[in-house]
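# this one's sequence-less:
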């Protein structure tokens, strides 16, 4: 099931949940509604909701989603807004974010509270969260901090239009995508492309990667990689990637070629990877993707030595930047790509 289908499934569950609370619900799935996923109506008051089906139990930044929702509320003639997320938030952090962005947040803890008296809804919630999980061994109740008391109707009565200065949606990703596309292809723009890619990666994965080091050489000086980073994330995707591929570090290579990369670039990158040094994952960022032989070489590296090499082209990068701007998790995009590779890998 692709992520769009999973998101729609979450919306259907929330429709049942809010309906059980006697709230009228309209599902829009964010289509032509400025990102609104649900419209909630009760006692003459209209509240809009944005829904984020994050695949990770813990999520880093949700500020972009909140900024977008704050802006949407002001322009949708709604009373207020709710951000519903499938991940966990600490209560103190939730309250701080609610105060700053003047909207309400319903996280996994609150969803468990709201389904405590309805076994059918609780079962549907658990089934959905298992569908989201990165592996099949997640304990859904681990790290939960379910409120002892939470009145949705008291929250509903407190809804009001944002009163402070308008918070505009984030457009940094769109700017970075446009700037990357404007760089000349080939050797002329190679250095600028490397610089822009590093800036893009730091925006996309600011909560997931650290110790950014460019133009690094191995101790025998035989190999130099464009960028190496350390995994330091609470996101399930990176945690499981590090575990499954026994890697603490991620190598990034940047290819500003006018053509698709070939198997030669894959073999060159593979030489940088060394499992005993906990360095067995590489992403090659290109302008035009990889040719058929390069794809075969990437699969061969994974099958024969357990080294994961993935190619991300310009379209992939801009898609993830758009997700980041909208408050979605770009790691989901990478997770789906890894799953697709592993599912199709032959012996």
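Arrived safely, thanks for sending. Quantities reported herein were computed from a predicted structural model and do not represent experimental measurements.
# can you show me the helices along the chain?
Counting by DSSP state H, the chain has helices at residues 3-20, 63-75, 91-101, 108-114, 119-132, 152-158, 172-181, 190-204, 236-244, 263-270, 292-305, 314-325, 330-344.
# tell me the mean pLDDT for the last one?
Same thing as helix 330-344. For helix 330-344, mean pLDDT is 92.
# in that helix, what counts as buried?
By neighbour count on 16 or more other CB atoms under 10 Å, the buried set for helix 330-344 is 330-335, 338, 341. C-beta here means a position set from N, CA and C on the backbone, and glycine is covered the same way.
# just put those in CSV and tack on distance to residue 307.
Output for those, formatted as CSV (distance: CB to CB, whole Å):
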residue, distance to residue 307
330, 23
331, 20
332, 23
333, 21
334, 16
335, 18
338, 13
341, 12
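# any weak-confidence spans in the stretch 101-250 of the chain?
The stretch 101-250 of the chain contains residues with pLDDT under 70 at 134-137, 216-224.
# that older thread, quick one: which of the helices of the chain is nearest residue 225?
Ranking the helices of the chain by distance to residue 225, with CB to CB as the measure, places helix 263-270 first at 8.0 Å.
# now do the buried residues in the closest one.
By neighbour count on 16+ other CB under 10 Å, the buried set for helix 263-270 is 263, 265-266, 269-270.
# show me the contact partners of that helix.
251, 253, 255, 282, 284, 290-291, 293-294, 296-298, 301, 305, 307, 309 (CB atoms under 8 Å, 6 or more residues apart in numbering).
# can you say which of those are buried?
Using 16+ other CB under 10 Å as the burial test, the contacts of helix 263-270 include 251, 253, 255, 282, 284, 290-291, 294, 297-298, 301, 307, 309 as buried.
# got CSV for those residues, with pLDDT and distance to residue 211 too?
As requested, those are exported to CSV (pLDDT from 0 to 100; distance: CB to CB, whole Å):
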residue, pLDDT, distance to residue 211
251, 96, 13
253, 96, 17
255, 97, 23
282, 97, 16
284, 98, 20
290, 97, 28
291, 97, 33
294, 97, 28
297, 97, 28
298, 96, 25
301, 95, 24
307, 96, 21
309, 97, 21
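# and the furthest pair within those?
Across the buried ones among the contacts of helix 263-270, no pair lies farther apart than 251 and 291, at 20.9 Å, counting by CB to CB.
# closest to residue 66 among the buried residues of helix 263-270?
Once CB to CB is applied, the member of those that ends up nearest residue 66 is residue 269, at 37.9 Å.
# pLDDT score assigned to the closest one?
Looking at residue 269, its pLDDT is 94.
# can you list the helices of the chain in JSON lines and add distance to residue 166?
Shown next, in JSON lines, are the helices of the chain (distance: least, CB to CB, whole Å):
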{"stretch": "helix 3-20", "distance to residue 166": "27"}
{"stretch": "helix 63-75", "distance to residue 166": "6"}
{"stretch": "helix 91-101", "distance to residue 166": "11"}
{"stretch": "helix 108-114", "distance to residue 166": "27"}
{"stretch": "helix 119-132", "distance to residue 166": "33"}
{"stretch": "helix 152-158", "distance to residue 166": "21"}
{"stretch": "helix 172-181", "distance to residue 166": "18"}
{"stretch": "helix 190-204", "distance to residue 166": "23"}
{"stretch": "helix 236-244", "distance to residue 166": "33"}
{"stretch": "helix 263-270", "distance to residue 166": "45"}
{"stretch": "helix 292-305", "distance to residue 166": "46"}
{"stretch": "helix 314-325", "distance to residue 166": "17"}
{"stretch": "helix 330-344", "distance to residue 166": "26"}
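# so which of the ones you listed is nearest residue 44?
Closest approach to residue 44 among these is made by helix 152-158 (11.5 Å; CB to CB).
# ok, for residue 155, nearest residue in space, not its chain neighbours?
Once flanking residues are discounted, residue 155 sits nearest to residue 104: 5.9 Å by CB to CB, 6 or more residues apart in numbering.
# any idea how far the one you found lies from residue 275?
46 Å (CB to CB, to the nearest Å).
# between those two, point out the one with more neighbours.
Just comparing residue 104 and residue 275: by other CB atoms under 10 Å the higher neighbour count belongs to residue 104, 22 against 13.
# bridging residues for that one?
Residue 104 forms beta bridges with residue 82, as assigned by DSSP bridges.
# and it, what does it touch?
Residue 104 neighbours (CB under 8 Å, 6+ apart): 80-83, 98, 155, 159.
# mind listing what residue 253 touches?
By CB under 8 Å, 6+ apart, residue 253 lies in contact with 225-227, 265, 269, 282-285.
# who does the residue nearest to it when sequence neighbours are not counted bridge with?
Nearest non-adjacent residue to residue 253, counting by CB to CB, 6+ apart: residue 284, 4.6 Å away. Judged by DSSP bridges, the bridge partners of residue 284 are residue 253, residue 311.
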